[in-house]
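J.: Predicted model and sequence below, questions to follow.
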Amino acid sequence: MTSEAITAAASGTWVLGDLTVHRIGFGTMRLPQTGAALVPDAVPRDRAEAIAVLRRAVELGVNHLDTAAFYFSPLRSANELINQALAPYADDLVITTKVGPARDASGHWATHAGPKELRGQVEENLRQLGRDHLDVVNLRVLGTASIAERFGALAELREAGLIRHLGISNVTPEHLAEAQAIAPVVCVQNPYGIAMRPEQDDFVRLCGEQGVAFVPFYSIAATGGQYGTTAAEPDEVLTVARAHGVSPAEIRLAWTLHRGPHMLAIPGTGDLGHLEANIAAGALRLSDAELALLETAHRRAAEA
Ligand SMILES: NC(=O)c1ccc[n+]([C@@H]2O[C@H](COP(=O)([O-])OP(=O)(O)OC[C@H]3O[C@@H](n4cnc5c(N)ncnc54)[C@H](OP(=O)(O)O)[C@@H]3O)[C@@H](O)[C@H]2O)c1
């Protein structure tokens with residue numbers, strides 16, 4: 001580790017159930033390919049490059065990884081890369097995975113898992129990661145229908161010891177209440193960032209009040225989603241970035257962490273320089289004036 005590198009410890013900690021993590025983590029969706037993720041014709045990333053990013057993340061104190069069995073390209077899978085780079089796993093490493101969506105062997109989206117298929121998806125993650133239990137499993141949801149049956153199926157797997165803690169993803173406050181009536185929920189993982197889903201603000205606050213971690217995704221990519229950063233940055237983000245001498249991506253991450261102590265970042269990248277910058281963003285402190293300026297950009301999106 002270079003002496004000047006800022007580590008993930010600078011972002012502070014949060015306890016997921018009984019697992020303590022640094023608030024800057026790492027999302028692995030970008031690792032299996034370069035360019036767009038989750039597409040059948042994705043271009044596989046160089047294996048050594050992906051492994052180097054994972055090892056550097058952990059070396060810099062990242063101890064919260066986000067993954068899924070459906071993060072794969074024709075030749076690489078995120079879980080397999082994690083296993084190869086990091087096993088045997090450090091005791092403090094928390095690997096969060098998600099179940100629900102499915103892709104067939106050629107990478108096309110398949111039908112979401114129902115209650116009966118979820119066990120198979122959990123076991124697939126266990127096999128790929130080489131573990132006997134999963135630290136945190138998010139039920140990833142599409143739409144607003146009841147999740148009681150599916151979440152109930154995961155709660156049974158938690159009781160059976162295959163899963164330590166449960167979360168939910170792409171969900172509403174109603175889903176959270178429904179899940180909490182069945183089993184404890186340690187995290188909500190939803191898309192959120194500056195000028196990105198401002199309608200989530202109340203849900204972010206609600207999670208904070210209930211001690212549930214809010215884990216935003218696409219905080220940097222924003223509307224680019226699985227295709228990565230595509231849109232122009234709002235002037236306010238550029239102004240604050242210039243003042244700190246950092247990239248807009250770092251301001252985006254710092255802003256999410258400033259929304260509350262329960263906010264956990266999981267930026268994704270296949271670039272070592274971006275990785276170090278994203279981890280360093282956990283040390284950025286934004287002034288009240290800067291937060292007010294960024295709020296202007298965020299509110300503008302709410303009014304658009
Ligand atoms: N629950 C869900 O439904 C769901 C959905 C999507 C994603 N996720 C999780 O959330 C994680 C985060 O989402 P994400 O990876 O898609 O998006 P992201 O973290 O918002 O942004 C990643 C994109 O930004 C670029 N980037 C990253 N750091 C940068 C920097 N410092 N400067 C400039 N560009 C930078 C990356 O390209 P480079 O590789 O060139 O850096 C990539 O294109 C994923 O990895 C995944 O684990 C969950």
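T.: Right, received. Where do you want to start? Numbers count the residues shown, from 1 in each chain.

J.: Who does the residue in the stretch 151-300 of the chain that the ligand sits nearest to form a beta bridge with?
T.: The nearest approach of the stretch 151-300 of the chain to the ligand comes at G268, 2.1 Å away (C-beta to the nearest ligand atom). Bear in mind the C-beta positions are built from the backbone N, C-alpha and C, glycine included. Beta-bridge pairing of G268 under DSSP bridges involves G27.

J.: wait, it sits on Q33?
T.: No: using C-beta atoms under 8 Å, G268 is not in contact with Q33; the gap is 11.4 Å.

J.: What does the pLDDT read for the residue nearest the centre of the chain?
T.: Nearest residue to the geometric centre of the chain (C-alpha atoms, centre = their mean): I266, 4.0 Å. Here the pLDDT value assigned to I266 is 98.

J.: what does A153 give?
T.: 98.

J.: re the thing from before, starting from the ligand, give me the distance back to the closest residue to the residue nearest to the centre of the chain other than its chain neighbours.
T.: Spatial nearest neighbour of I266, excluding adjacent residues (C-beta to C-beta, 6 or more residues apart in numbering): G27 at 3.9 Å. The gap separating G27 from the ligand is 2 Å, by C-beta to the nearest ligand atom, to the nearest Å.

J.: ditto for A52
T.: Using C-beta to the nearest ligand atom, which is the criterion applied here, A52 is 13 Å from the ligand.

J.: where does the chain dip in pLDDT?
T.: 1-3 (pLDDT under 70).

J.: Contact residues of it facing the ligand?
T.: 27-30, 66, 98, 140, 169-170, 189, 217-221, 228-229, 247, 249, 266-271, 274, 277-278 (C-beta under 6 Å from any ligand atom).

J.: Mind giving me the ChimeraX select for those residues, buried ones only?
T.: The ChimeraX selection below is limited to those of those classed as buried (16 or more other C-beta atoms under 10 Å):
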select :27,28,29,30,66,98,140,169,170,189,217,218,219,220,221,228,247,249,266,267,268,269,270,274,277,278
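
J.: For the residue nearest to the centre of the chain, list the residues it contacts.
T.: For I266, the contacting residues are 25-27, 64-66, 189, 215-217, by C-beta atoms under 8 Å, 6 or more residues apart in numbering.

J.: Taking the residues you listed together, which two end up most distant?
T.: Greatest spacing in the contacts of I266, by C-beta to C-beta: L65 and P216 (15.8 Å).

J.: how much space between the residue nearest to the centre of the chain and P191?
T.: 12 Å (C-beta to C-beta, to the nearest Å).

J.: Please apply the same query to E178.
T.: 20 Å.

J.: So what sits opposite K98 in the bridge?
T.: If you apply DSSP bridges, the partners that K98 bridges to are N138.

J.: isn't it right next to A68, touching?
T.: Yes: with contact defined as C-beta under 8 Å, K98 counts as touching A68 (4.7 Å).

J.: I figured R45 was touching G35, is that so?
T.: No: counting by C-beta under 8 Å, R45 does not reach G35; the two are 9.3 Å apart.

J.: Please identify which of those two sits among more neighbours.
T.: Neighbour totals were compared for R45 and G35, and R45 leads with 21 against 15 (other C-beta atoms under 10 Å).

J.: so what's the more buried one up against?
T.: Contacts of R45 (C-beta under 8 Å, 6+ apart): 31-34, 73, 76, 270.

J.: now do L75
T.: Counted by C-beta under 8 Å, 6+ apart, L75 has contacts P44.

J.: Which of the three states applies to it?
T.: Here L75 takes the coil state, with states given by DSSP: H, G, I helix; E, B strand; the rest coil.

J.: joint contacts of I266 and P191?
T.: Common neighbours of I266 and P191 (C-beta under 8 Å, 6+ apart) are 216-217.

J.: That concludes my questions; thank you for your assistance.
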